[in-house]
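*Asks:* here's a sequence, model it:
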Amino acid sequence: MPRIAEIEGTPNPNAMKFVLRDPLTWGVSRSYDNAGAAQDDPLACALFDIEHVTNVFYVDHWITVTQDGGADWHELTRTVAEPIRAAPAADAQSAATVAAATTAIAGLSPENQQRLDKINVLLDEQIRPYLQGDGGDLHVLGLEGNTLRVHYQGACGTCPSSIAGTLAGIENLVKSIEPDIEVVAI
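*Replies:* Numbers count the residues shown, from 1 in each chain. Prediction:
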């Protein structure tokens, strides 16, 4: 059972980040935009059963919960903390299994997989740590020609700055290795 070490606000006023002492997963992120998508995840289902919860995102030692803006965080935080504390801690997984599950996107040619690997290294080093620090993340959905499709997760998913400034910054950074790339958030 994870213990909550810290509760942090995020740049998104409707999202709160819970930092945990024990991991919920080992490197595998879980992101849900609604209760239907979370039906196979007991923790996410329990959180969606709480009024006002609209998004659940978690990986390793933290979880971000987003609300619809209709609840007072002081009260909602106490309610949300209960299922988080009751959740089972992560099962031991090998790093190789996790890496294989999260790196490759099906159907990419070896050349495009190599391009995507370089882009992911850049995102891992210069973008994801900042997004994760704010209770969110960025998931690459695909690379088709010169279009990189990404999806914001957690607090970043509904944050106004993610679609405007952050997306332009990501595109400019990726252009340093792929000058003709266009980054599209989905």
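*Asks:* got the contact list for residue 161?
*Replies:* For residue 161, the contact set (C-beta atoms under 8 Å, 6 or more residues apart in numbering) comprises residue 11. No exception for glycine: its C-beta is placed from N, CA and C like everyone else's.
*Asks:* now it: how far from residue 37?
*Replies:* Computed with C-beta to C-beta, to the nearest Å, the distance linking residue 161 and residue 37 is 24 Å.
*Asks:* try residue 64
*Replies:* Taken as C-beta to C-beta, the span from residue 64 to residue 37 is 15 Å.
*Asks:* swap in residue 10?
*Replies:* 21 Å.
*Asks:* over to residue 108?
*Replies:* Distance, residue 108 to residue 37, using C-beta to C-beta: 24 Å.
*Asks:* just the C-alpha atoms of stretch 175-186, please, in CSV.
*Replies:* In CSV, the C-alpha atoms belonging to stretch 175-186 read as follows (Å, rounded to 0.1, in the frame of the first residue of the first chain):
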residue,chain,number,x,y,z
LYS,A,175,13.4,20.4,-35.1
SER,A,176,17.0,20.5,-33.9
ILE,A,177,17.3,16.9,-35.0
GLU,A,178,14.4,16.6,-37.5
PRO,A,179,14.2,20.1,-39.2
ASP,A,180,11.0,19.3,-41.2
ILE,A,181,9.0,17.8,-38.3
GLU,A,182,5.6,18.9,-37.3
VAL,A,183,4.4,18.0,-33.8
VAL,A,184,0.7,17.6,-33.4
ALA,A,185,-1.0,17.1,-30.0
ILE,A,186,-4.0,14.7,-30.0
